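K.L.:
My questions are about this predicted structure, shown below with the sequence.
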Amino acid sequence: MLPGVDSAAAQDATVDDPAVLALIRKARELRESPQSLAAFAAYRADAEGHVYFYLDRDEGGAPIPMRVDQVAVDLYQNAAGQRRQVIRALRKRELLPIEDFHYYIDRLTAVQNGFGDRIAIGEGRDVRDVPHPLGSDGEETYHYLVTDSIRLSVLGLPAPIRVYEVEVRPRREDRPGMLGSVFVDVDSGALVRMTFSFTPSSYVDPRTDRVTVRLEHRLWEGGLLLPYRQVVEVRREIPELDLPVGSVIRATLDVVDFEFNPELDPGFFSAPALVTRPPYNTADSAEFRGGLMDRMAEEGLSPVSAADIEAEARRAARAHLVSGLPKVRVYADRVSSVLRANRAEGVHFGLGASYSPREAVKLDALPGYGAGSGELTARVRGRWMVGEAATATVTIHWHQLRDAGPFAGASGAVNTVSALFRNHDYTDPWFATGVGVGLDRAIGRAASIRVGAVREEMSAVGSPIGFGSPEPGRAVRPVDEGAWAAVSGGVVRRWEGLGAWGAEAGVTGTAGRWNGGGVAKLMARIEGNVARSDLSRRATFTLDVGAAWGELPNQLHFLLGGRGTLPGHPYRAYGGRRFALARGEASMALLSGWLSARLVAGAGAVGATPASLADAWQVGGTGGLLGYAGLGLGAVHDVVRIDGVWGMPGAGFELVFSVGSMLRPYL
């Protein structure tokens, strides 16, 4: 099919004008007319699909796949319009340890008739009793507007097929209804495609954030429009708690290889319309056309896919949909916002609230209290969509904990455990109070840009707080206090190849003012990933470089050494205005899903150390390249890691416990 666009009809259209209502009635009559049964094609078709269950970050970032299912289904229809489906094979793989469960049957089967007069999703447990826009109650329930006109040229047909995209909006959003578009053949009234979500009152399960559906038909022999592809995505969250993550079930199904007028037993359609599911992982792999994990990268769920950019694009798309969740909820953005421990605050507690007055707008407030420091902390933030692909953010923060870097030594949760039980805090902390603004924008599917500005007061930590260990903790390094103002901008570009490799390059520049003088910083990063489709072997390489000019506050210099940068060397013992750091790791499954062998290695250097930083923080340049290499084990799909690392040349040995990068943003 070769599409061409003719927008004249859309330019002249108005809501519920006679032309669009006539088209809707033609489509409804085609669906309802007994005479149209003679036009049904008798066929048998193969359908194959995947169901992905994963965790999805609200604010973008790589998703965490937890389970993958694959299904093979045979579809049947006769000339009288009777239909039957047979699930031929099922298999699955758990990528994280989760409780076993069965999917609703419509996650595993095809919609052969463009839905009935009432739309239901999840066997009616997700969505129930939603009037179809081309059904008998459509005109009483919806407004219609032609927004586009497309011509499809099909080999074998004498003339192109004209298709109108009709935008569908409910007359009342406080009742069950769909929001989206239907694509209808102008001449016949046949349904070509549907893309839609639902009003909040359509949702049955209180956990439902959003349900989105894409249903596509394709022209086959003789101009027949028959099922081609469907995608149903259900996103859920805890209704009372606004946490930075939701669970997503994405069910995809592709229909291929139609056989028309097949020879079937006379009583074939008198049997049950759906044959019950077979046991998992019992069918021969030859029953499937593709592999269980083959489309992970295409779906943005593989280590080699453009996960961060695609996740941000999905988040931006979701923001324009109406959520079924409460507008006001208890809020926390990560585990360490609720509870953390460090030398600057002692044990810190926090919990807030969020408010979403309408789609594409969210306000959240996160207050907290440091029991050791006796100080209150707070952050108030507003986020809203600007156009179709950009997100604007305004943040006001008070006494927020910051850490020198630019690389964290440990996640917030791991640092808390280390501080409480070993009296070893991996942060070099200070506090910031001020305001920041930012704008993030996706550029297609492979790039994004970000610009921002900040104005804040930096303040030092008081007396360090210990946690009872006889071992002395790290000394608190003196930070420079004063006003910091800066603007920044960055761009990220992503590449991927056939689900086997992925690469990302990014650069960020900052221009600031400190102590009456100008300051500039530039950082660049290149990351590459390779992985087998079954994730049994994978490898990652990153290269970070940076440079700074002008008089920086001590805490904004580049620091290297120890876990997070150069394990096996003294922790953050090296610092300066120029740095380069290359790191790599590879893993190979030993016991699929549970245990893997790891190899880690890297090298880096830092120099141009100002005298003020050397004196105050007792750091210096590396004097050349320092490296490390080590072996380790990863457990539970490499989420929990223990690596034994040797620093080179002639440094020491370090045992590093860490969590995988996909979990760190939640901790």
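P.N.:
Structure's in. What do you need?

K.L.:
For the rest of this, base every contact and every neighbour count on C-alpha atoms.
P.N.:
Noted.

K.L.:
who's Val51 bridged to?
P.N.:
Taking DSSP bridges, one obtains Asp69, Ala251 as the residues bridged to Val51.

K.L.:
Can you check the pLDDT for it?
P.N.:
Val51 is assigned 96 on the pLDDT scale.

K.L.:
and if you look at Glu59?
P.N.:
On the pLDDT scale, Glu59 gets 69.

K.L.:
Return the distance of Val645 relative to Asn529.
P.N.:
Counting by Cα to Cα, to the nearest Å, the gap from Val645 to Asn529 is 22 Å.

K.L.:
To clarify, my last question referred to Ile64.
P.N.:
Ile64 is 16 Å from Asn529, where distance means Cα to Cα.

K.L.:
In this structure, where's the longest helix?
P.N.:
When the chain is parsed with DSSP state H, its longest helix is helix 18-32.

K.L.:
outside of it, which residues touch it?
P.N.:
36, 134-136, 144-146, 166, 184, 186, 188-191 (Cα atoms under 8 Å, 6 or more residues apart in numbering).

K.L.:
After the helix or strand in which Arg84 is found, which helix or strand is next?
P.N.:
Assigned by DSSP states H and E, Arg84 belongs to strand 83-94. Sequence-wise, the next helix or strand downstream of strand 83-94 (DSSP H and E) is strand 118-121.

K.L.:
Sheet-wise, list the partners of that following strand with their directions.
P.N.:
Counting by DSSP bridges, strand 118-121 is paired with strand 127-131 (antiparallel).

K.L.:
Would you mark the buried spots in the partner strand?
P.N.:
127-131 (16 or more other Cα atoms under 10 Å).

K.L.:
would you turn those residues into JSON lines with pLDDT?
P.N.:
Output for the buried residues of strand 127-131, formatted as JSON lines (pLDDT from 0 to 100):
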{"residue": "Val127", "pLDDT": "95"}
{"residue": "Arg128", "pLDDT": "92"}
{"residue": "Asp129", "pLDDT": "93"}
{"residue": "Val130", "pLDDT": "96"}
{"residue": "Pro131", "pLDDT": "96"}
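
K.L.:
which among these gets closest to Glu173?
P.N.:
Val130 (11.8 Å; Cα to Cα).

K.L.:
Same question for Ala614, what's its three-state structure.
P.N.:
helix (DSSP: H, G, I helix; E, B strand; the rest coil).

K.L.:
List the contacts of the residue nearest to it when sequence neighbours are not counted.
P.N.:
Using Cα to Cα, 6 or more residues apart in numbering and skipping residues adjacent in sequence, the residue nearest Ala614 is Gly620, 5.7 Å away. The contact partners of Gly620, by Cα under 8 Å, 6+ apart, come to 573-576, 607, 609, 614.

K.L.:
Could you give the bridge partners of Gly620?
P.N.:
For Gly620, the beta-bridge partners are Tyr574 (DSSP bridges).

K.L.:
Check the spacing between it and Gln555 real quick.
P.N.:
In terms of Cα to Cα, Gly620 sits 14 Å off from Gln555.

K.L.:
Local confidence estimate at the spatially closest residue to Thr393 that is not a sequence neighbour?
P.N.:
Nearest residue to Thr393 in three dimensions, chain neighbours excluded: Arg383, at 4.6 Å (Cα to Cα, 6+ apart). Looking at Arg383, its pLDDT stands at 94.

K.L.:
So what's the residue count around Arg383?
P.N.:
Neighbour count for Arg383, taken as other Cα atoms under 10 Å: 19.

K.L.:
same thing with the one 10 residues further on?
P.N.:
For Thr393, the neighbour count with other Cα under 10 Å is 17.

K.L.:
Secondary structure element holding it?
P.N.:
Applying DSSP H and E, one finds Thr393 within strand 390-403.

K.L.:
Would you indicate which residues of that strand are buried?
P.N.:
In terms of neighbour count (16+ other Cα under 10 Å), strand 390-403 has its buried residues at 390-401, 403.

K.L.:
what secondary structure does the residue nearest to Ala616 when sequence neighbours are not counted sit in?
P.N.:
Among residues not flanking Ala616 along the chain, Pro478 sits closest, at 6.6 Å (Cα to Cα, 6+ apart). Following three-state DSSP, the label given to Pro478 is coil.

K.L.:
right, and Pro478 touches Ala460 too?
P.N.:
Yes: contact criterion Cα atoms under 8 Å: Pro478 and Ala460 qualify, at 7.0 Å.

K.L.:
List the beta-bridge partners for Ala586.
P.N.:
Ala539, Leu599.

K.L.:
Could you pull up the residues touching the residue nearest to Ala616?
P.N.:
Applying Cα under 8 Å, 6+ apart, we find Pro478 in contact with 460, 616-617.

K.L.:
Please enumerate the helices of the stretch 301-450 of the chain.
P.N.:
Taking DSSP state H, counting those that start in this stretch as the test, the helices found in the stretch 301-450 of the chain are 307-319, 335-338, 412-422.

K.L.:
Counting by contacts, list what the second one packs against.
P.N.:
Right, the one you point to is helix 335-338. If you count contacts as 3 or more Cα pairs under 8 Å, 6 or more residues apart in numbering; DSSP states H and E, helix 335-338 packs onto strand 346-350, helix 412-422.

K.L.:
Least confident of those, on average?
P.N.:
helix 412-422 (a mean of 90).

K.L.:
Any idea how far it is from the middle of the chain?
P.N.:
Helix 412-422 sits 28 Å away from the centroid of its parent chain (Cα atoms, centre = their mean, to the nearest Å).

K.L.:
do stretch 523-536 as well
P.N.:
Distance, centroid of stretch 523-536 to centroid of chain: 17 Å (Cα atoms, centre = their mean).

K.L.:
Please point out which parts of that stretch sit buried.
P.N.:
Neighbour-count burial for stretch 523-536, counted by 16+ other Cα under 10 Å, picks out 523-533, 535-536.

K.L.:
before we move on, the earlier item: the helices and strands packed on helix 335-338: which one's closest to Arg214?
P.N.:
Nearest of the helices and strands packed on helix 335-338 (Cα to Cα): helix 412-422, 39.1 Å.

K.L.:
from memory Val231 sits against Ile249, does it?
P.N.:
No: shown here, Val231 and Ile249 do not form a contact pair, counting by Cα under 8 Å, at 10.3 Å.

K.L.:
At which residues are the strands of the stretch 551-667 of the chain located?
P.N.:
With strands called from DSSP state E, counting those that start in this stretch, the stretch 551-667 of the chain shows them at 558-560, 574-576, 578-591, 595-607, 626-635, 640-648, 653-659.

K.L.:
circling back to that earlier point, generate JSON lines for the buried residues of strand 127-131, with distance to Glu654 as supplementary columns.
P.N.:
Output for these, formatted as JSON lines (distance: Cα to Cα, whole Å):
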{"residue": "Val127", "distance to Glu654": "53"}
{"residue": "Arg128", "distance to Glu654": "57"}
{"residue": "Asp129", "distance to Glu654": "61"}
{"residue": "Val130", "distance to Glu654": "60"}
{"residue": "Pro131", "distance to Glu654": "63"}
